[in-house]
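Let's see this in three dimensions:
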Amino acid sequence: MVNQKAIRLTSKRKICIVGNNPYKAGPGVGAAGIETRESDVMTGQRERMKVLGAGIFSLILVLGVARFAYTPLLPLMRAQAGLGIAEGAWLAAVNYAGYLSGALIASLISDLVLKDRLYRIGMLVGVASTVMMGLTTDPLLWALSRYVAGLSSAAGMLLGTGLILNWLIRHHQRSELGIHFSGLGLGIAGCATAVMLMTPQLDWREQWFVFTALAGLLLIPALGWLPPPDTSSVTKTGQKLEDSPPGKLFMRIFMAAYFCAGIGFVISTTFIVAIVDAMPDLAGKGTLVFLVVGLAGAPSCIVWDLIARRTGEINALIIAALLQIVGILLPVWPGGLVCAFAGALLFGGTFVGMVSLVLTVAGRYYPTKPAKMMGKMSLAYGAAQITGPAITGWLAARLGSYASGLYMAAGVMVVGTLLLVLLQRIGKREARRARDALLPAGC
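All right, here's what the predicted structure looks like:
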């Protein structure tokens, strides 16, 4: 049987390369082999897009709907449901406590089958938490809803992402998560658009019910398109999967930097609508600004994958962090809607990419169980998402505005950027040591 290693098609004829020797494919074995190879490639690409599609829809469900529909609905709930300014911040903090709990669970689990089962339960919980928001005005039940929504977010963000990265690695696909994480930006943009369209006709409660129906539809591909996990220790072609964990110092600095990124992320995404709406010349424009954040976020993670191929992941993270600092501050600088939109573009164009890059790096260290290190990294991110809204709520209660939280977020992001620069140096040092360890003695 012919062993074909590559195929090149031209406009005039089919060329099959066996080893390094091309020959023209005839009607015999060569042509049949080419057709088989082409069919395998197309089937593999269809499977890849289906798996990535499951990830996109799962993130739209648990992050866009279950988690971030709350952001554009926050001003409406304050106006119509009697939600106070401090209570709004505390509900956000409870949501992130749920995410942190889920991250802790993900960091402790190694069994792929159990991860798959919890991922699917998390999708169902995301739908339940959404309908729960519209069924009550009890702050305690709202808090319970936000907590379980946080758990479902961790199921999609960590368990689902880990399962997808594991599938990509096993099938020798490029282990990049940019396409997958576009679901986060699409979810934010979709929810912001939905709230803008629904607000003239529907009250806050009815909008939660519409989001519940949407979550039910998203559930179908999120569950149906992700195949059961392969629990073998080898890839599809028989190559052994081996973990290569980083050094302890690298891990600590990486987690500290990701904590800072979590502060920058959570304050902007949670309060940007309320902050912009509270500005006299921008009243009512908050949801539009949030829409720009989502629209910028959807393609940005793919762009950051391309940047990382040229610069390396850590350098790409440093660039993204610097741009994000400017994006966080622009909405509260003089300049009106132009500055608010520019800030939304910069922030949306960086935060999803940073999450994607960090979790990709984490997953590559542990290809056999990507969600394990992702979960550990997200413990830092989740801790930031509890403390950030809580401190912002405390500041807002005393200063009368959430805007002070943006200045705090920008300051923390400066610290995070410096940590990334340090991380880059540590990574180079560890790589040099590993390279020297492979050299024969005396070299």
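
Please enumerate the helices of this structure.
Secondary structure of the chain (DSSP state H): helices at 29-59, 70-80, 85-108, 112-134, 139-154, 161-170, 178-198, 204-224, 248-277, 286-311, 313-329, 336-365, 370-399, 404-438.

If I average pLDDT within each of those, which one is lowest?
Per-stretch mean pLDDT for the helices of the chain is lowest at helix 29-59 (a mean of 72).

hang on, the earlier thing: out of the helices of the chain, the one nearest K240 is which?
Nearest to K240, of all the helices of the chain, is helix 161-170, at 11.3 Å by Cβ to Cβ. For every residue, glycine as well, the C-beta is placed using N, CA and C.

For the helices of the chain, please prepare JSON lines with the additional fields distance to S232 and mean neighbour count.
Below are those laid out as JSON lines (distance: least, Cβ to Cβ, whole Å; neighbours: other Cβ atoms under 10 Å):
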{"stretch": "helix 29-59", "distance to S232": "17", "mean neighbour count": "17"}
{"stretch": "helix 70-80", "distance to S232": "41", "mean neighbour count": "21"}
{"stretch": "helix 85-108", "distance to S232": "22", "mean neighbour count": "22"}
{"stretch": "helix 112-134", "distance to S232": "10", "mean neighbour count": "21"}
{"stretch": "helix 139-154", "distance to S232": "26", "mean neighbour count": "22"}
{"stretch": "helix 161-170", "distance to S232": "8", "mean neighbour count": "24"}
{"stretch": "helix 178-198", "distance to S232": "23", "mean neighbour count": "24"}
{"stretch": "helix 204-224", "distance to S232": "23", "mean neighbour count": "19"}
{"stretch": "helix 248-277", "distance to S232": "28", "mean neighbour count": "23"}
{"stretch": "helix 286-311", "distance to S232": "28", "mean neighbour count": "21"}
{"stretch": "helix 313-329", "distance to S232": "28", "mean neighbour count": "22"}
{"stretch": "helix 336-365", "distance to S232": "18", "mean neighbour count": "23"}
{"stretch": "helix 370-399", "distance to S232": "15", "mean neighbour count": "23"}
{"stretch": "helix 404-438", "distance to S232": "27", "mean neighbour count": "17"}
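
quick one: which of those is nearest T231?
With Cβ to Cβ as the criterion, T231 lies closest to helix 112-134 of those, at 5.4 Å.

Export the helices of the chain to a markdown table and append columns for distance to E242.
Converted to a markdown table, the helices of the chain look like this (distance: least, Cβ to Cβ, whole Å):
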| stretch | distance to E242 |
| --- | --- |
| helix 29-59 | 23 |
| helix 70-80 | 41 |
| helix 85-108 | 20 |
| helix 112-134 | 16 |
| helix 139-154 | 27 |
| helix 161-170 | 11 |
| helix 178-198 | 23 |
| helix 204-224 | 30 |
| helix 248-277 | 18 |
| helix 286-311 | 23 |
| helix 313-329 | 20 |
| helix 336-365 | 11 |
| helix 370-399 | 13 |
| helix 404-438 | 14 |
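
was I right about L76 contacting V195?
Yes - assessed by Cβ atoms under 8 Å, L76 is found in contact with V195 at 7.5 Å.

any common contacting residues for these two?
Counting by Cβ atoms under 8 Å, 6 or more residues apart in numbering, the common neighbours of L76 and V195 are Q207.

give me every residue that touches the residue lying closest to L379 once chain neighbours are set aside.
Leaving aside its sequence neighbours, L379 sits nearest to A103 (Cβ to Cβ, 6 or more residues apart in numbering; 5.0 Å). Taking Cβ under 8 Å, 6+ apart as the contact definition, A103 lies against A154, L158, G375, K376, S378, L379, Y381, G382.

State the distance from A103 to L141.
In this view, A103 and L141 are 24 Å apart by Cβ to Cβ, to the nearest Å.

For the most centrally placed residue in the chain, give its distance to G294.
In the chain, the residue lying closest to the centroid (Cα atoms, centre = their mean) is F181, at 4.7 Å. To G294, F181 is 12 Å away according to Cβ to Cβ.

joint contacts of these two?
Residues touching both F181 and G294 by Cβ under 8 Å, 6+ apart: none at all.

So S107 versus L140, what's the distance?
28 Å.

now swap in M198 and tell me
As judged by Cβ to Cβ, M198 and L140 stand 26 Å apart.

swap in A340?
In this view, A340 and L140 are 35 Å apart by Cβ to Cβ.

Quick check: closest non-adjacent residue to L168.
Using Cβ to Cβ, 6+ apart and skipping residues adjacent in sequence, the residue nearest L168 is S175, 5.2 Å away.

tell me the contacts of that neighbour?
When contacts are counted by Cβ under 8 Å, 6+ apart, S175 touches L165, L168, I169, T360, G363, R364, P367.
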